[in-house]
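Undergrad: here's my sequence, what's the structure:
(2 chains)
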There are 2 protein chains.
Amino acid sequence: MKPLPDVLKTAIGQRVDLIDTPSLVIDLDAMDRNIQRMADFARKHQVRWRPHAKMHKSAELALQMQRAGAQGVCVQKVSEAEALAAGGVNDIYISNEVVAMPKLQRVARLAALLAARGGRLAIAVDHPEGIERLAETIAQVGTPQPREGHWAAGDSTLIDVFVEIDVGQGRCGVPPGEAAVPLALAVARSRGLRFAGLQAYHGRAQHLAGAAERREAISAVVRAASHTRDLIEATGLPVPLITGSGTGTLVHEAASGVYGELQAGSFLFMDADYARNEREPAQPTFEHALFVKTQVVSVRDTHAVCDAGHKSHAIDSGLPTVALLPPDRSLRYANGGDEHGILHADGPKSRLPALGRMLWLIPGHCDPTVNLHDVMIGVRGGLTMGVVERIIRVDARGALT
Amino acid sequence: MKPLPDVLKTAIGQRVDLIDTPSLVIDLDAMDRNIQRMADFARKHQVRWRPHAKMHKSAELALQMQRAGAQGVCVQKVSEAEALAAGGVNDIYISNEVVAMPKLQRVARLAALLAARGGRLAIAVDHPEGIERLAETIAQVGTPQPREGHWAAGDSTLIDVFVEIDVGQGRCGVPPGEAAVPLALAVARSRGLRFAGLQAYHGRAQHLAGAAERREAISAVVRAASHTRDLIEATGLPVPLITGSGTGTLVHEAASGVYGELQAGSFLFMDADYARNEREPAQPTFEHALFVKTQVVSVRDTHAVCDAGHKSHAIDSGLPTVALLPPDRSLRYANGGDEHGILHADGPKSRLPALGRMLWLIPGHCDPTVNLHDVMIGVRGGLTMGVVERIIRVDARGALT
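TA: A predicted model of the protein is given here:
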């Protein structure tokens, strides 16, 4: 891994008010509480959690969650898997389809590397051609050899394969039911591949605003997943695991008795979009832990302008909100383009901030926001009086392929 | 500068169909024609062009445009200026307000560095406090010394300063007219600062859909800028330059007789948003030169899914369009989240693409799209049969501060 730039190393130990703007800042106390609550929740429901690393893209945070009980990571891209493996993560699931042969060759090499380290690579499929290509490249890598006692001799599979079913997202995956059966059987027949179960994730359900809507959506998801499982098991092939879920709906998958693994990632940081939605009473209280620190660089009678625009935070799920203001004050953030935000006083007692004033934004969507930054600045002791404890590298930033 | 990763160096000379996906690809032939047309346009109108590098963020492309006649670059951020200076660009204008003292200290150091190299740094201001702080940090750097004969002995100014007026954008800048006069005089009085003129950019006017709307908006902009100039010059202080304009309206500023410099940047690549708007007859024909190469990774009866989502291209100005299809085919790109795009057949003769098919997207907005990528892959000979000629580094990617 690349060493941290000197300028960042010198930031460690500095007070929070000296952090340059705009910067992505983690409230480490809030993040640690979120991890603990997720660990407690998973233990209580006797379900595994495999947090999606497409959100934080950081090996350091992945390993921190593993120490708290998480089962490895999910990723969406081969290059994300490579970046996290380089950072020491050994149990990685690419919860997405890969069909390009050069990429599948990288998948096979990574599977062999992780197996040799005593870990495991998994991937999703939704097409017979994808399964054939995967099996072909896995075969080229050859039978895995035990090394340092990690790899069980006699185990001839090198990669875990999940068949993806489309449980409402309308994106990848085959329709639930019969269509999944031949795929599962094809995986099970393929040398080097192990049929690991079903990938069943309804991304859009995470962001439905009403708690009842989300409950209803996941109830249909659970029925579709268990029906598909029953059809596959009727052929005599066991379905070891159904994996999916996210921060918006994890209460329902955890209670379903059908899902064995939760892929929720956003609980770590939370974002403004999740905060806008009606909360499920049974859901653990996850706190905002990710902020963009910004400074007011221009003031007018009608508005103020800060130095964070949509190159600092993603706006695909709405604009950021302004946090940590005095209780009787409120500021509305309006889009000011790539490099600026426009601030309006919101409500009768609110005042526009002064020139030079530092402000804290909660991004609308954490995943693509993190992907804009090379590092996240971890603060201990709160965002008012805290100090910089560590600089967390976004190892898989821009890992698109 | 960091060396290029080996994997990218080996891509040079490869055929275009071997480029991994999703990747940002430049059609170098189209880009070179855009540069030539812009150079011809500026020469014909006897106006300087200082292309905004917030768009391409690449020292290599900045220097290529300088060789074609461009006058240095604009940037929005101090760290962008530093990254481009490190890449060999010597004439840089930070067309934005900076008020944090640590950042202003970096500005002062960079001004001294560029002056010593025979270049020049410029910056925008819109507040007396900003001017005071800038003058204070410039004074700390001390009087510039002539080195290698570049720096004219006796010239005691280290930085050019433009007073920003808000000509309709509703963001930074003082209102046009009287409010700019004391700022211009304050700059002129400040040791180490040279009053360089007016920054007058109407960003939103660039994206008005109708040609008549844009003409009308810029006609008001030109009146506001020339009125402000007249008020300042009435005090005896000359206004050396009025700078601004963008790709959407450059025809009008160039013909105004008021603007001496055009800051247009997007002409280099163009984007889907500019293409959607009504074309001004007098505008040079700028071609799309920036594409996201993507692959179909999942197919269904109703849609196909490609591997480029909004971590590969920005969606703040709308979704990408699918380019380079056979004439009787058309595909509509729908948002599939961070890592996926959903493709629908558009029109009766259109067919969904096959699994593994490579497609070319034109991003909705080039500036924040480039900022998602570490490199741009330059292809010579067209996107069907061409080869990779060079890998262009996005030097200022993520340069937010």
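Undergrad: wasn't A:K293 part of a helix?
TA: No. With DSSP: H, G, I helix; E, B strand; the rest coil as the criterion, A:K293 is assigned strand and is not in a helix.
Undergrad: OK, contacts around it?
TA: Residues counted as contacts of A:K293 (C-beta atoms under 8 Å, 6 or more residues apart in numbering or on different chains) are A:19, A:21-23, A:25, A:358-361. C-betas here are computed from N, CA, C, even on glycine.
Undergrad: which of the residues you listed sits closest to B:V251?
TA: For B:V251, the closest of those turns out to be A:P22, at 34.2 Å, with distances computed as C-beta to C-beta.
Undergrad: get me the contact residues on the stretch 201-350 of chain A for chain B.
TA: Residues of the stretch 201-350 of chain A found near chain B (C-beta under 8 Å from any C-beta of the partner chain) are A:203, A:295-300, A:303, A:305, A:308, A:310-312, A:314-316, A:335-340, A:342.
Undergrad: residue ranges with poor pLDDT in chain A?
TA: Regions of chain A meeting the criterion pLDDT under 70 cover residues A:1-3, A:5-7, A:142-155.
Undergrad: for it, just list every one of the helices.
TA: A:6-9, A:28-44, A:59-67, A:78-86, A:101-116, A:128-141, A:180-189, A:211-234, A:250-255, A:272-276, A:366-370 (DSSP state H).
Undergrad: out of those helices, which is closest to B:E132?
TA: Counting by C-beta to C-beta, B:E132 lies closest to helix A:6-9 out of the helices of chain A; the figure is 26.2 Å.
Undergrad: okay, A:A124 and B:V167: tell me how far apart.
TA: From A:A124 over to B:V167 the distance is 52 Å, taken as C-beta to C-beta, to the nearest Å.
Undergrad: do A:G119 as well
TA: To B:V167, A:G119 is 59 Å away according to C-beta to C-beta.
Undergrad: please apply the same query to A:S350.
TA: The separation that A:S350 has from B:V167, given C-beta to C-beta, amounts to 28 Å.
Undergrad: what do you get for A:I123?
TA: 54 Å.
Undergrad: who has more neighbours, A:S350 and B:V167?
TA: More neighbours sit around B:V167 than around the other of A:S350 and B:V167, counting by other C-beta atoms under 10 Å in any protein chain shown; the figures are 26 against 17.
Undergrad: residues near A:D301, how many?
TA: Using other C-beta under 10 Å, the number of residues around A:D301 comes to 6.
Undergrad: make that A:K54, sorry
TA: Burial measure for A:K54: 26 neighbouring residues, criterion other C-beta under 10 Å.
Undergrad: what sits closest to it if chain neighbours are left out?
TA: Leaving out its chain neighbours, the residue that sits closest to A:K54 by C-beta to C-beta, 6 or more residues apart in numbering or on different chains is A:Q76, at 4.6 Å.
Undergrad: do A:V73 as well
TA: Looking at A:V73 with C-beta to C-beta, 6+ apart, the closest residue is A:A53, at 4.0 Å.
Undergrad: how about the contacts made by the residue of chain A positioned farthest from its centre?
TA: Note on chain A: the largest C-alpha distance from the chain mean falls to A:D301, namely 41.0 Å (C-alpha atoms, centre = their mean). Contacts here follow C-beta under 8 Å, 6+ apart; on that basis A:D301 touches nothing.
Undergrad: now do the contacts for A:L183.
TA: The contact partners of A:L183, taken as C-beta under 8 Å, 6+ apart, are A:125-128, A:131, A:163, A:174.
Undergrad: now those residues in JSON lines, with neighbour count and distance to A:D230?
TA: Listed next are the contacts of A:L183 as JSON lines, based on neighbours: other C-beta atoms under 10 Å in any protein chain shown; distance: C-beta to C-beta, whole Å:
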{"residue": "A:V125", "neighbour count": "31", "distance to A:D230": "20"}
{"residue": "A:D126", "neighbour count": "28", "distance to A:D230": "19"}
{"residue": "A:H127", "neighbour count": "22", "distance to A:D230": "23"}
{"residue": "A:P128", "neighbour count": "13", "distance to A:D230": "22"}
{"residue": "A:I131", "neighbour count": "21", "distance to A:D230": "22"}
{"residue": "A:V163", "neighbour count": "28", "distance to A:D230": "14"}
{"residue": "A:V174", "neighbour count": "21", "distance to A:D230": "16"}
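Undergrad: of these, which are in range of chain B?
TA: Counting by C-beta under 8 Å from any C-beta, the subset of the contacts of A:L183 that neighbours chain B consists of A:126-127.
Undergrad: farthest pair in the contacts of A:L183?
TA: Greatest spacing in the contacts of A:L183, by C-beta to C-beta: A:I131 and A:V174 (11.8 Å).
Undergrad: so how many other residues sit close to the residue nearest to A:K54?
TA: The local packing count at A:Q76 equals 25, with neighbours defined by other C-beta under 10 Å.
Undergrad: test my guess that it contacts A:S95.
TA: Yes. Applying C-beta atoms under 8 Å as the test, A:Q76 and A:S95 come out as touching, 6.6 Å apart.
Undergrad: joint contacts of these two?
TA: By the contact definition C-beta under 8 Å, 6+ apart, A:Q76 and A:S95 are jointly contacted by A:H52.
Undergrad: contacts only, for A:A275.
TA: A:A275 makes contacts with A:288, A:321, A:362, as judged by C-beta under 8 Å, 6+ apart.
Undergrad: dump these into JSON lines; add distance to A:L84 and neighbour count as well.
TA: Written out in JSON lines, the entries for the contacts of A:A275 read as follows (distance: C-beta to C-beta, whole Å; neighbours: other C-beta atoms under 10 Å in any protein chain shown):
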{"residue": "A:H288", "distance to A:L84": "25", "neighbour count": "22"}
{"residue": "A:T321", "distance to A:L84": "30", "neighbour count": "20"}
{"residue": "A:I362", "distance to A:L84": "26", "neighbour count": "24"}
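Undergrad: wondering if stretch A:394-401 reaches chain B at all.
TA: Yes. In terms of C-beta under 8 Å from any C-beta, part of stretch A:394-401 sits within range of chain B, namely A:397-398, A:400-401.
Undergrad: could you tell me the end-to-end distance of that stretch?
TA: Across its full length, stretch A:394-401 reaches 16 Å end to end, with C-alpha to C-alpha, to the nearest Å as the criterion.
Undergrad: which other residues reach it?
TA: Residues from elsewhere that reach stretch A:394-401 (C-beta under 8 Å, 6+ apart): A:1, A:53, A:56-60, A:75, A:77-80, A:82-84, A:86-87, A:103, A:370-371, A:373-376, B:20-23, B:308, B:311-312, B:372-374, B:397-398.
Undergrad: and with 6 Å instead?
TA: Under the criterion C-beta atoms under 6 Å, 6 or more residues apart in numbering or on different chains, residues A:57-59, A:77, A:79-80, A:83, A:87, A:370-371, A:373-374, B:20, B:22, B:312, B:374 lie in contact with stretch A:394-401.
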